[in-house]
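Visitor: I would like the atomic coordinates for the input below:
(one chain, ligands or ions: 1)
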Amino acid sequence: MSAIEIPRELIPADGRFGSGPSKVRPEAVQRLARDADDLLGTSHRQPAVKGQVRRVREGLRTFFDLPDDHEVVLGVGGATLFWDAAVFGLIRERSAHAVFGEFSTKFAKSVDEAPHLADPVKFESDFGTFPEVEAVEGVDLYALTHCETSTGVAMPVQRPAGSGDALVAVDATSAAGGLPVDPSQYDAYYFSPQKAFASEGGLWLALLSPAAIERIGELSGSRYQPPILDLQTALDNSRKDQTYNTPSVSTLYLMGEQLDWLNSEGGLGFAVENCAAKANHLYDWASRADFAQPFVKEPGERSNVVVTVDLDARVDANEVASTLRENGILDTEAYRKLGRNQLRFAVFPAVDHDDVVKLTAAIDHVVERLAE
Ligand SMILES: *Cc1c(COP(=O)(O)O)cnc(C)c1O
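Guide: This next block holds a predicted model:
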C-alpha cells in the first residue's frame, strides 16, 4: 500500500477529532503555560488551586443556568468512578437503566454485581438506537445516558412519565457542554472534563438537585461506603472548593479556561448551535456520499457531539482512519468493540467548523485515491 498524501488545503488546521480525550484549545494551553509557575506544583488546600475549583464550579453554574438550590460537586476518578459512587450513594435499592451502548452497559453491570442492591431493570435497544424508559414499581433511580459515545446516539433527558420521587441520574460525559438539557429533568447530571469541556481526564463533575443531595445524605449514614466513593464526602469538600484527594490542577485550569470561553460566547445555547451546525455538515455529507451513510438511522436519535458514519464494505474504514492519521487527522476510528466498518468524529465546541468542512473533503480525497 502506497502512502496517500492529502493536499495541504484539505488538511484541517487542527486535526483532533477524538471523542475523548478531545481537542484542547491551544489558547488555553498557552495561558496555562503563562500561569503555571504560580499554580502547578502548589498545594491544593491553598487559595490559588481552590480558586480554580471555584472557577469551574461557578463556570458550570453559569453555563447550565442552574437553579440556586442545585449544587456542583466534583471528585477524582472520572465518570467511571461516579458509577460506583452511585452504586453506594445514590441507588437506595433498585435502579432501572437505558442500556444501548458500551458505557450504559458498564454502569448497569456495576449495579448488577453490587451485593447490596436488587437486580437492576434494563431497558435495552439495538446499538444505534435508544430504548424507551418506563416507570417501574420499586425503582428509586433511573439511569439515562445523554449521548452514547460508543454509538453516536443521543437520547433526550426527560423524567420517565410516572417516575414519581425516583431520582434521574444522567451519564452526560460526552453530551454535557454540547447538547441541550433542562435542569428540571434530572437529579444528577455527571460527566468528565476531557470531552466537550476540552480539558484532560481524571475528574468527575456532577450537577445535583436537592433530591439527589437529600438521597446522598440519607444513604451516607445508613450503609458502608468506601471513602473514595462517598458522595457526602465529595459534597462536603466541593462546598469548600476542594476535592477529597489531590486533583490534577492543569485539568481544573484547562476546564476553567474552556468554561470562560464558552460563557463569553453565549453559554450552553451557543454550544448547542455550534455543535449542531458541525454535526449537520457531517450527516449531510455522509447521506450524500455514495460510499457512506450515518450509522444512526433515525435523525432524531443522532448525536450532535459524536457523529458515527458507516462506510460501504468496499471502503475499509480502518484504512481510511490510518491514512488520515498519517496526515495528522487523528482519532477518527470507530469505538472498537462496536465492530463496525465505521468512522467516528467528535465535534465538541472546541472543534472549528472550517476544520470539519476540510475533514470531509479530506476523506473524499482519501476514498477516491484508495479506489484507484
Ligand atoms: C468517556 C465516557 C465515560 C468514561 O469517562 P472517564 O472519564 O474515562 O471515566 C463514561 N460515559 C460516557 C458516555 C463517556 O463518553
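Visitor: what about the closest residue to residue 94 other than its chain neighbours, which SS state?
Guide: With CB to CB, 6 or more residues apart in numbering as the criterion, residue 94 has its nearest non-adjacent residue at 4.1 Å, and that residue is residue 118. In short, each C-beta sits where N, CA and C put it, glycine included. For residue 118, the assignment made with DSSP: H, G, I helix; E, B strand; the rest coil gives coil.
Visitor: how many neighbours does residue 118 have?
Guide: Residue 118 sits with 15 neighbouring residues when counted by other CB atoms under 10 Å.
Visitor: now the closest residue to residue 87 other than its chain neighbours: phi and psi?
Guide: Distance criterion CB to CB, 6+ apart; nearest residue to residue 87, sequence neighbours excluded, is residue 114 at 4.8 Å. Backbone torsions for residue 114, taken as degrees, to the nearest 10, come to phi -80, psi 120.
Visitor: surely residue 114 touches residue 85?
Guide: No - because the distance of 11.8 Å does not satisfy CB atoms under 8 Å, residue 114 is recorded as not touching residue 85.
Visitor: so these two - more neighbours on which side?
Guide: Summary of the neighbour comparison: residue 114 and residue 85, criterion other CB under 10 Å, with residue 85 having more neighbours (25 against 17).
Visitor: ok so that one is a helix residue?
Guide: Yes - when the secondary structure is assigned by three-state DSSP, residue 85 falls within a helix.
Visitor: show me what contacts it?
Guide: The neighbourhood of residue 85, defined by CB atoms under 8 Å, 6 or more residues apart in numbering, consists of 75, 204, 229, 230, 231, 234.
Visitor: now the residues you listed in CSV, with distance to the ligand, pLDDT and neighbour count?
Guide: As requested, the contacts of residue 85 are arranged in CSV below (distance: CB to the nearest ligand atom, whole Å; pLDDT from 0 to 100; neighbours: other CB atoms under 10 Å):
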residue, distance to the ligand, pLDDT, neighbour count
75, 12, 98, 25
204, 7, 98, 24
229, 14, 98, 20
230, 18, 98, 20
231, 16, 98, 27
234, 15, 98, 26
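Visitor: so where do the helices sit in the stretch 101-250 of the chain?
Guide: Chain-ordered helices for the stretch 101-250 of the chain, with DSSP state H, counting those that start in this stretch as the definition, fall at 102-112, 210-220, 231-238, 249-265.
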